[in-house]
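Engineer: this one's sequence-less:
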């Protein structure tokens, strides 16, 4: 009962009940799908040129000056700046001051972790937050140096240049990396490549962060024990062996006493802050208080002479220009670009994850591409002004949020406060013990290790947990790069696998409905005897899976035949499939290999007197079938619009032939 | 109208007509999907251990001795050998002799192309065909050296070792590469990794072959013009410049006269053979006749002294052992393994493509994995006996088929004939002009360039054609490796793209049916006002596409709202979607990022008073939704079994509320 006949019926049955309608006529009148060029043009129009669309919306809301509205879309500060009020500033001032009190000690500590002098951490807390506050769209994000990026930079750049032997050359590479990181971020934002950040899945990030936190913690043992000799490697084995070797040499226990005392103090403060949310300022102030107390103690007791290591000289004054220090003709340029790319992605992933989660709490949405632009320009500006890669810090953003910030003005307040302390405080910080910096960094680490998140992932998805574990152990036992590569590799292998080895589901009809469901999912579904319905669940029938799909379908047919092997020959004849219905409703495209496989399948089945029916082919698939003249080779009647139609035709044809017998 | 209510209804309406059935109860009773371990075990059982299954089938058919039946599955010759009859041997003998007459000159030419002495080509036509005839399952495949693999080897190995300065070291590397190629092939077959061959898609192969044919043709200019200085590079630019440079030096036109005369003769013979299929032996014999004639002419006229280049000494005698020449501790081992892998895949792809196409003509199926095992062992054996990588040759297989071969015995006949000629003919071949070898190779090239195949691909699939073009120009202008890398890269990028940027289709109901179709494919489909139905056409809702899918859905909702912007406010209110139905029938799996995206989507829509309904979630997806407690957060009533059910519930609820008004 081909399409021709069906069409005639359709005129007769036009008034019949719904389920009696022959529907293949719709399939024939399917319009031509857009060509590749049309789709490409459409893609570019919607994805790359969509700013126009954005601007149109803006102009409706306020002014009609296109330049001004374009400016406003790049600098959101022009938008909310007009509505900024005094009572908002009061809150932002408080939040900004709280932020600064946490930011100063953390910045010094992270600069230490990155292998730089303390003032560079403070510089990084001045320029990037100021740039971000004009361009960023998050209201809570606290910008500055963060632990993981600092670790990443020191571990990767120290392979090119030892920070101890030649700190100036090391610093030059760091600034160049910062420039490239910013350039990559800005390019991602401009060309709307925000999806690149998605490639580092949540599970990979949780694993990576936890591994990095442990590595950072181990690095702090140097400061906590006041060790002089320490490894440049970041993996757990070399760090621990380095620590044990150093402990055999004489070391000053006073460092450890100071560090661990204040670590306990900071952790206690955090505990109080967690118990009573209103006392959030206690854990936020604790690091600064610790620094002040420890510095005073060392200064007054002259502990320096008793072996307590101190920060010593910090250069006073604002950020100095560093444009002339960028090295674009370095022999390591390839490595530098690579490190820039990796740190750009890590920095963005952290900032966007943090920014999004707080935006969701406050009920607004972050535009990922605009955030990337803001981050990119702030890091480029940073690389010109002696900063290293800055991003949104999780711990400080949480403090900023708790302190009740209203807008990014809190970042401006923080940056100005840090600037002032660069002028005033640096002489005081001379006597700060390095052990206190280690304990400040150590105290921030438990927040980075997300145990409950990992447990949640374990419960939900074992493969995601494998990705997490790969990232975690990769970072811990090999290196930051290998951990990331492993995680991204496993994640993508999973996607590829679902395309290369797609599911072929056997379908059955749910009794008294038109629904055909996977017989594994719906064990109550009935198989029509003499009929095999299979669904291909891959969006592409292509070179990588066409042979697999063809063989699986042929095997399914063979299995049905063999199952009945033992039984009565008569019964067997009844049950051998005479019709294979291939539900292609999930297949969006087919390539030449896929078409060849379909033709081979048709021929192979035909040579065994089995009819192949293709049900619900999609737009593009149907178009390709016509182009390859497969619709003629298979006869048009073997392409149906739904599985149900195909089954009905078969059942009706069979009952007719029975009647005739 | 939640599931609870639905369930009550189901009892009342048990006897109602089919389309009134509430169906969600089936969704609730879905069993737990198998865990990852269960699936892994099942996969290994069906894919790796499936020999057992195979053996069971075999034993039924003949003997019950498991060892013997296992042997028979490895050596198909034990199977068909018993039924081998004399009249079959007559045909095989004729085919084998025809094959040998083509094989001897081609082998010498291809050995020349591979940078080896002529006898190594003949060796390769002895041992591998003998091994294959016991293990292979194809009946037509003619085994021996082929042009593309010879080119591949010479172009890649000569980067490690120049064949002119140290031919012995070069030969050692070639044998080692052959060993690794065989080992890879055997491993692919043993571990059923046959799908790896699929990664080189048909389109890539057509482009690669055409590019390689042109490169091979250009290489033959050296022999045809009798040039002494020639480049080792394979790209078209360096070869052509090398030819032009050489032509400025004095060169012997006699070489060109002999070569081109016999090239015209061979092409004429081919033309006659094509016109009359029964005269297939004329083109098959033409190369041998040319060799004999040309050699006699050179010998009788003493043309050697007039500058005609000749083959000179060929070592007489059978294959010599070369096990001790394999170099497993070479400093280039990494490169050697890589070249082995590439030539293993190229050789397999060609052999399986050729074997399959002739098997289809004769109506039997080739087991790809068994073919790989046979190829692997024949190349390992080859590497022990001074052979280089052998595979199925397209031109010779076609001759074998035309000559009416019945089984692989024709390969045995050929191998024995070549063995005899190795003893007898080598002295005669001393005077064979090299120009004749060049013309034999040149005459084989038009068959490798598949113009009509390329045109067919252009018509069917533009992206496949892009892959073809990439492979073609990559081989032509860069190198064999880069051509392959480009082709495979583009092919996989396409698969990745379909997962990273899946289609989100808007669905509409086809009038008076329960069918919901893509409104692009079926422009006559009706959208229900106040309702947006979207289908995700990706098998995975995962980290790489979750954010994209979420944003696309939110944008679709926004677009509907904005479309109605200009109209009457009352009408707008009517048309703003109150319900978004997400058809997940194509989504087979979801990871933690996907679950987060679904939850965010639900919250975002809920904050705009839009309900999100998930329709037809699959087994594993439903399981994950339950695990993540998303079914509770979204309320159970918002998970429906079909799109139709979701629409019906909405329409019914609306009409009830209208009535109430």
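Structural biologist: Yes, it's here. Only a predicted model underlies this, so the values are computations on that prediction, with no experimental measurement involved.
Engineer: Just give me the neighbour total for residue A:541.
Structural biologist: By the other C-beta atoms under 10 Å in any protein chain shown criterion, the neighbourhood of residue A:541 contains 26 residues. In this view, the C-beta of every residue, glycine as well, is placed from N, C-alpha and C.
Engineer: which residues does the residue nearest to it when sequence neighbours are not counted contact?
Structural biologist: Excluding the flanking residues, the one nearest residue A:541 by C-beta to C-beta, 6 or more residues apart in numbering or on different chains is residue A:594, at 3.5 Å. By C-beta atoms under 8 Å, 6 or more residues apart in numbering or on different chains, the residues touching residue A:594 are A:540-543, A:546.
Engineer: Chain B: which of these is nearest?
Structural biologist: Among the contacts of residue A:594, residue A:543 lies closest to chain B (C-beta to the nearest C-beta), at 3.3 Å.
Engineer: Read off the pLDDT value for the residue lying closest to the closest one once chain neighbours are set aside.
Structural biologist: Counting by C-beta to C-beta, 6+ apart, residue B:201 is the residue found nearest to residue A:543 once chain neighbours are left out, at 3.3 Å. As summarised for this prediction, residue B:201 has a pLDDT of 82.
Engineer: Can you give me the distance of residue B:201 to residue A:593?
Structural biologist: When distance is defined by C-beta to C-beta, to the nearest Å, residue B:201 is 5 Å away from residue A:593.
Engineer: The two: which has the busier surroundings?
Structural biologist: Taking neighbours as other C-beta under 10 Å, residue B:201 and residue A:593 compare with residue B:201 leading, 29 against 24.
Engineer: Now the phi/psi pair for the more buried one, please.
Structural biologist: phi -70, psi 160 (degrees, to the nearest 10).
Engineer: With residue A:440 instead?
Structural biologist: phi -70, psi -40.
Engineer: Then residue A:391?
Structural biologist: Dihedral angles of residue A:391 (phi, psi; degrees, to the nearest 10) stand at phi -160, psi -170.
Engineer: neighbours of the nearest residue to it once chain neighbours are set aside, just the number please.
Structural biologist: Distances taken as C-beta to C-beta, 6+ apart place residue A:347 nearest to residue A:391, at 3.8 Å, with adjacent residues excluded. Taking other C-beta under 10 Å as the criterion, the count of residues near residue A:347 is 26.
Engineer: average pLDDT for the helix or strand containing residue A:347?
Structural biologist: Assigning secondary structure by DSSP states H and E places residue A:347 in helix A:333-362. Per-region confidence: helix A:333-362 scores 87 on mean pLDDT.
Engineer: Next secondary structure element downstream of it?
Structural biologist: Per DSSP H and E, the first helix or strand lying C-terminal to helix A:333-362 is helix A:368-384.
Engineer: helices or strands next to the helix or strand just after that next one in the packing?
Structural biologist: Downstream of helix A:368-384, the next assigned helix or strand under DSSP H and E is strand A:391-393. The criterion is 3 or more C-beta pairs under 8 Å, 6 or more residues apart in numbering or on different chains; DSSP states H and E, and the helices and strands that strand A:391-393 contacts are strand A:142-144, helix A:333-362.
Engineer: Point out the most buried one among these.
Structural biologist: strand A:142-144 (a mean of 31; mean count of other C-beta atoms under 10 Å in any protein chain shown).
Engineer: From the centroid of chain A, which residue is nearest?
Structural biologist: With distances taken as C-alpha atoms, centre = their mean, the residue of chain A nearest its centroid is residue A:198 (3.1 Å).
Engineer: show me what contacts that residue?
Structural biologist: Neighbouring residues of residue A:198 by C-beta under 8 Å, 6+ apart: B:543-548, B:593.
Engineer: for residue A:143, same thing?
Structural biologist: A:125, A:128-129, A:132, A:136, A:378, A:390-393, A:411.
Engineer: Among those residues, which one has the most neighbours?
Structural biologist: Compared across the contacts of residue A:143, residue A:125 has the highest neighbour count, 34 neighbours, by other C-beta under 10 Å.
Engineer: and residue A:116, that one's in a strand?
Structural biologist: No - counting by DSSP: H, G, I helix; E, B strand; the rest coil, residue A:116 falls outside a strand, being coil.
Engineer: care to break chain A down by domain?
Structural biologist: Split into domains by automatic domain parsing, chain A comes to A:85-203+A:250-428, A:502-564+A:571-660.
Engineer: picking up where we left off before, nearest residue to the residue nearest to the centre of chain A other than its sequence neighbours?
Structural biologist: Leaving out its chain neighbours, the residue that sits closest to residue A:198 by C-beta to C-beta, 6+ apart is residue B:547, at 5.3 Å.
Engineer: any idea which helix or strand carries the one you found?
Structural biologist: helix B:546-563.
Engineer: Looking at the contacts of residue A:143, which is nearest residue B:287?
Structural biologist: Checking the contacts of residue A:143 against residue B:287 with C-beta to C-beta, the nearest one is residue A:391 at 69.1 Å.
Engineer: coming back round to it: go ahead and confirm the residue nearest to residue A:543 touches residue B:470.
Structural biologist: No - counting by C-beta atoms under 8 Å, residue B:201 stays clear of residue B:470, with 11.3 Å between them.
Engineer: What is the neighbour count of the closest residue in space to residue A:155 that isn't next to it in sequence?
Structural biologist: Take residue A:155 and drop its neighbours on the chain: the residue closest to it by C-beta to C-beta, 6+ apart is residue A:234, 4.3 Å away. Per other C-beta under 10 Å, the neighbour tally for residue A:234 reads 24.
Engineer: Surely residue A:234 touches residue A:150?
Structural biologist: No - the pair residue A:234 / residue A:150 is not scored as a contact, 11.7 Å apart, by C-beta under 8 Å.
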